[in-house]
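Trainee: Have a look; sequence and predicted model below, questions after that.
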Amino acid sequence: MTYESRKIRRKQLPMLAPTTQIALAVLLLSLSSIALYAAVAGWVDRAIFSSTITLLTVALTARSALRSGYDSELDEHDRQMRYYAIATGGVVPVVALAAYTVGLSATDALWRPVSQVEWGAFGMFMLGATIQCAIIAAARKTPAYAADLDEND
């Protein structure tokens, strides 16, 4: 199968500008942090706020540089950029969690998830952070003019 940009773009929504993608991902990451704090503080009795933010993050991927189609339809640069973004999205939250866990084992002062709501909010936060970091990494690798390209370019 060959790479046909017109065919791929027809199946997808138009891409947002890379700076807009980064701004929205950072906004959703901060909202995820607030949702996690709300669950820890006991302000909410379900993880619906965290789940909604994660669903909004998944919806953002349809308009981001990470939205590329099947690997067989991508050229080498798009494939490399996508793999880089997915790897970055996986590594950043895991390293942050590992650093937090090392700090957690040294002291009893840090928060530990206890209730079902806290675990649900924490899981949604980690899932959302993984996708949001991948969106940011993909947007950083995307040229600024990529959102303005149409099917004739």
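Mentor: Arrived safely, thanks for sending. All values derive from a computational prediction rather than experimental measurement.
Trainee: who does the longest helix along the chain touch, helix- and strand-wise?
Mentor: Scanning the chain for the helix with the most residues, using DSSP state H, yields helix 76-106. Under the contact definition 3 or more C-beta pairs under 8 Å, 6 or more residues apart in numbering; DSSP states H and E, helix 76-106 sits against helix 116-141. Placement of C-beta: from N, CA and C, glycine included.
Trainee: tell me how far the helix it packs on is from the chain's mean position?
Mentor: 5 Å (C-alpha atoms, centre = their mean, to the nearest Å).
Trainee: returning to what we had before: buried stuff in the longest helix of the chain?
Mentor: By neighbour count on 16 or more other C-beta atoms under 10 Å, the buried set for helix 76-106 is 78, 81-82, 85-86, 88-89, 92-93.
Trainee: Let me have those in TSV, adding distance to residue 61 and pLDDT as columns.
Mentor: Converted to TSV, the buried residues of helix 76-106 look like this (distance: C-beta to C-beta, whole Å; pLDDT from 0 to 100):
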residue	distance to residue 61	pLDDT
78	15	77
81	14	83
82	11	82
85	10	87
86	11	85
88	14	88
89	10	87
92	16	86
93	16	86
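Trainee: Residue 22: which of those is nearest?
Mentor: For the buried residues of helix 76-106, the minimum distance to residue 22 (C-beta to C-beta) is 12.0 Å, reached by residue 85.
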